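Visitor: Dropping a prediction and its sequence here:
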Amino acid sequence: MAFVTSGNFTLPDTPDGLTNGLWFNMWAKKLWSYNELEPGHTLYWYESPSRCIVWRSKVMEVIRFPYKRKDEVEKKLQLTNVQGAQPYFVDAPESGFCLSYKVKRLKG
């Protein structure tokens with residue numbers, strides 16, 4: 001299966017930036033993609049500021065879990081300095097569902 005992901009941010013401009021990143025979404029409600037994304041799926045990365053698909057990747061690992069407090073997400077994903085570094089995390093719901101994934105860039 002293939003999916004498109006997007007956000008209102010600039011994506012990494014190197015393959016290592018994409019591959020070495022730990023990507024995650026946090027929702028108050030369990031959205032459809034929470035159960036759908038699996039290792040082996042193709043993920044196209046749409047960059048809202050440039051209005052382009054800038055990466056094609058293969059999902060290598062998926063972690064999904066409900067959380068009651070944001071610090072649970074920090075601990076489970078081993079995030080560091082997330083409060084100041086990632087506005088998405090700061091603005092995310094205080095409790096809900098987290099979908100995290102790692103990817104590998106595909107050429108072409």
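Guide: Thanks, I have the structure now. Residues are numbered from 1 along each chain as shown.

Visitor: which ones are touching residue 95?
Guide: By C-beta atoms under 8 Å, 6 or more residues apart in numbering, the residues touching residue 95 are 28, 67, 68, 69. Heads up, the C-betas are built off the backbone N, CA and C, glycines and all.

Visitor: buried subset of these?
Guide: The neighbour count (16 or more other C-beta atoms under 10 Å) marks residue 67 as buried among the contacts of residue 95.

Visitor: Quick one: the helices in this protein, in order.
Guide: With DSSP state H, the ranges of helices along the chain come out as 15-19, 33-36, 70-77, 82-85, 87-91.

Visitor: Would you mind listing the residues in contact with residue 36?
Guide: 1, 3.

Visitor: What distance do you get for it to residue 3?
Guide: As for residue 36, its distance to residue 3 is 8 Å (criterion: C-beta to C-beta, to the nearest Å).

Visitor: overlap in contacts of the two?
Guide: The overlap between the contact sets of residue 36 and residue 3 (C-beta under 8 Å, 6+ apart) is empty.

Visitor: hmm, back to that, would you convert the helices of the chain into a markdown table that also reports distance to residue 61?
Guide: Output for the helices of the chain, formatted as a markdown table (distance: least, C-beta to C-beta, whole Å):
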| stretch | distance to residue 61 |
| --- | --- |
| helix 15-19 | 11 |
| helix 33-36 | 15 |
| helix 70-77 | 11 |
| helix 82-85 | 19 |
| helix 87-91 | 19 |
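
Visitor: Tell me, please, the helix or strand in the protein that averages the lowest pLDDT.
Guide: The helix or strand with the lowest mean pLDDT-type score in the chain, counting by mean pLDDT, DSSP states H and E, is helix 82-85 (a mean of 52).

Visitor: what's the closest of the helices of the chain to residue 44?
Guide: Comparing the helices of the chain against residue 44 with C-beta to C-beta, the closest turns out to be helix 15-19 (11.9 Å).

Visitor: Output that closest one as CSV, restricted to C-alpha atoms.
Guide: Presented in CSV, the C-alpha positions along helix 15-19 are these (Å, rounded to 0.1, in the frame of the first residue of the first chain):
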residue,chain,number,x,y,z
PRO,A,15,18.3,11.3,2.5
ASP,A,16,20.0,10.9,5.9
GLY,A,17,17.8,13.6,7.4
LEU,A,18,14.7,11.6,6.4
THR,A,19,16.1,8.2,7.3
